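[1] Below are the sequence and a predicted model for it; my questions follow.
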Amino acid sequence: MDQTEAKLIAQAIAEGLKERYPEEVKEIREFRGQVSVLLRKDRVKEIMEYLHDTSELCFSYLRDLCGVDYLGRKTPRFEVVYQLYSVSHRHMLRIRAEVPEEDPVIDSVVSIWDGANWHERECYDMFGIEFRGHPDLRRILMPEDWEGHPLRRDYPLKSDLGEKEWKGFTETLELSEKNKAYGLD
């Protein structure tokens, strides 16, 4: 399948979603040959089940799931982006779901794609977006006692945060200073 044919198929699937869920589909966009569908978050799980379970679509593979922070650029502030692929039909589609800063919660899709488990945990850890119904939603990259979400645009970039510095980092610095007396630096 060439790029033009793939784009036409993705466009047709997106238009079909808009017909089926007119209140949920906010926008269909094509950029550099990839089609994306922007959704309201409220029925995202239902829509993903439809995309997964409908034999003509059969999006059996979740290639990726990630968060995006649009702080100061658009409202709602966050999006969760799903890259879907159909192994049997060899077509793909990008789904984007809006998540507001005031209520950064969206339904989990782990019950549809097991592979979403790690991705949702990473998105939670890095952006603070909660996934309702996730079987084990906890930090996966940062220590449990880490404060904040490092991929948010308003997260401090300075390495000297004073009292806001992660306790584990300051403990490591203190231990390093103590070890210098023994030549263990």
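    Structure's in. What do you need? Numbering: from 1, shown residues only.
[2] only C-alpha atoms for contact and neighbour calcs from this point on.
    Fine.
[3] how many neighbours does Lys178 have?
    Lys178 has 13 neighbouring residues, counting by other Cα atoms under 10 Å.
[4] Next: His149.
    The local packing of His149 (other Cα under 10 Å) involves 18 other residues.
[5] Am I right that it is in contact with Gly128?
    Yes - counting by Cα atoms under 8 Å, His149 touches Gly128, with 5.9 Å between them.
[6] what's the single longest helix in the protein?
    helix 3-20 (DSSP state H).
[7] what residues does the helix or strand following that one touch?
    Sequence-wise, the next helix or strand downstream of helix 3-20 (DSSP states H and E) is strand 25-31. With Cα atoms under 8 Å, 6 or more residues apart in numbering as the contact definition, strand 25-31 has outside contacts at Ala14, Glu15, Leu17, Lys18, Val35, Ser36, Val37, Leu38, Leu39, Arg40.
[8] how close does His134 sit to Ile106?
    10 Å (Cα to Cα, to the nearest Å).
[9] These two - which one has more neighbours?
    Ile106 (23 against 17).
[10] Need the per-residue pLDDT for the more buried one.
    We have a pLDDT of 98 for Ile106.
[11] Which pLDDT does the model give Cys66?
    Predicted confidence (pLDDT) for Cys66: 98.
[12] Now the phi/psi pair for it, please.
    Backbone torsions for Cys66, taken as degrees, to the nearest 10, come to phi -150, psi 170.
[13] how far away is it from Ser86?
    Cys66 is 19 Å from Ser86, by Cα to Cα.
[14] same deal with His134?
    23 Å.
[15] Could I get the contacting residues of the residue nearest the centre of the chain?
    The centroid of the chain falls nearest to Cys66 when counting by Cα atoms, centre = their mean (2.5 Å). Contacts of Cys66 were listed using Cα under 8 Å, 6+ apart, and they are Val80, Val81, Tyr82, His119, Glu120, Glu122, Cys123.
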